[in-house]
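> got a structure for you, letters missing:
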């Protein structure tokens, strides 16, 4: 409700109207943080990842699953493995840990994403996280196979200690900044992860990657393609064979690059339906 003020000073002193907290979390949060279906999808992804890695360790692939610096989505090339030790590289937020405390705050305040609130969460929220279903078993299984688990996240480098604590509190073991933990601010390219992936792949044979956004696999997916084009290249492009065979995606209907598109982007014109008109009885 908008209330008119008699004077500017009256408006300045009037109490601010805050967003009303919803009775229930948004549907995407209900699904991701509360549903058995989302948990099953995550467990399923981690089972498939472990199966893939166990075979890769036996077979010793010639190439990693990290695209090389000259790759395109149409003509992908990969960093060679040689005799480098094995690693699996993961995004952190909503891939290995669930930001339950922050998303509760977000749902209750109904303010939407706020950078200052997220920074405060990175600094102070390590005790209010949980593990993504299946993540703890997968991380333990990878380490038992002799595979180094590396965390590659867009959390800020200045908050490295707090992020390492959140990872530990989620039951995922130790993360050491610059060794097994890579963060935004570690290089000069901001939130893009290809530079960090190249640094990791120079030292390790990366045989699996996991994430909840396409940018967790290659920055090429975030090059400004139209929504329909981006979807098509995932299904039909030269990298499509990697899904479930080195690249493993976790569900996230709450935030990120997936949440784009208007009606014309999402619904093809030849697949639209409207309720047929009902003929009036005479």
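Nice, I can see it. This is a predicted model, so every value here is computed, not measured.
> where along this protein do the strands fall?
Taking DSSP state E, the strands of the chain run over residues 63-67, 78-80, 86-90, 97-98, 130-131, 148-156, 181-184, 205-211, 247-249.
> partners of the third one in the sheet?
This points to strand 86-90. Paired strands of strand 86-90, with direction, are strand 148-156 (parallel), strand 205-211 (parallel) (DSSP bridges).
> Make a markdown table from those strands and add mean pLDDT and mean neighbour count to it.
Glycine gets a C-beta too; all of them are placed from N, C-alpha and C. Converted to a markdown table, the strands paired with strand 86-90 look like this (pLDDT from 0 to 100; neighbours: other C-beta atoms under 10 Å):
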| stretch | mean pLDDT | mean neighbour count |
| --- | --- | --- |
| strand 148-156 | 98 | 21 |
| strand 205-211 | 98 | 26 |
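> sorry, back to before: quick one: the strands of the chain as JSON lines, columns for distance to residue 117 too.
JSON lines is the format used below for these (distance: least, C-beta to C-beta, whole Å):
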{"stretch": "strand 63-67", "distance to residue 117": "33"}
{"stretch": "strand 78-80", "distance to residue 117": "37"}
{"stretch": "strand 86-90", "distance to residue 117": "24"}
{"stretch": "strand 97-98", "distance to residue 117": "17"}
{"stretch": "strand 130-131", "distance to residue 117": "19"}
{"stretch": "strand 148-156", "distance to residue 117": "14"}
{"stretch": "strand 181-184", "distance to residue 117": "17"}
{"stretch": "strand 205-211", "distance to residue 117": "23"}
{"stretch": "strand 247-249", "distance to residue 117": "27"}
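> Relative to residue 53, which of those is closest?
strand 205-211 (5.2 Å; C-beta to C-beta).
> can you count the residues close to residue 132?
Residues near residue 132, counting by other C-beta atoms under 10 Å, number 29.
> now do residue 147
By other C-beta under 10 Å, 24 other residues sit near residue 147.
> looking at it, residue 249 is touching residue 211, isn't it?
Yes - if you go by C-beta atoms under 8 Å, residue 249 and residue 211 touch, sitting 6.7 Å apart.
> Just send the strands paired with strand 86-90 back as a markdown table, with distance to residue 133 too.
Below are these laid out as a markdown table (distance: least, C-beta to C-beta, whole Å):
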| stretch | distance to residue 133 |
| --- | --- |
| strand 148-156 | 17 |
| strand 205-211 | 13 |
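> Looking at those, which is nearest to residue 230?
Proximity to residue 230 (C-beta to C-beta) singles out strand 205-211 among the strands paired with strand 86-90, at 15.2 Å.
> correct me, but residue 171 touches residue 137?
No - if you go by C-beta under 8 Å, residue 171 and residue 137 don't touch, sitting 9.8 Å apart.
> in the stretch 1-150 of the chain, which spans are helices?
In the stretch 1-150 of the chain, the helices defined using DSSP state H, counting those that start in this stretch lie at 8-13, 27-29, 36-59, 100-109, 115-124, 135-144.
> what separates residue 32 from residue 163, distance-wise?
20 Å (C-beta to C-beta, to the nearest Å).
> for residue 52, that is, sorry about that
27 Å.
> Among those two, which residue is more densely surrounded?
residue 163 (24 against 19).
> Skip the chain neighbours and tell me the closest residue to that one.
residue 155 (4.7 Å; C-beta to C-beta, 6 or more residues apart in numbering).
> can you tell me how far that neighbour sits from residue 256?
Relative to residue 256, residue 155 is positioned 14 Å away (C-beta to C-beta).
> Same check on residue 266?
Distance from residue 266 to residue 256, counting by C-beta to C-beta: 16 Å.
> of the two, who's got more company?
residue 256 (16 against 11).
> Pull the contacting residues for that one.
If you count contacts by C-beta atoms under 8 Å, 6 or more residues apart in numbering, residue 256 has them with 94, 212-213.
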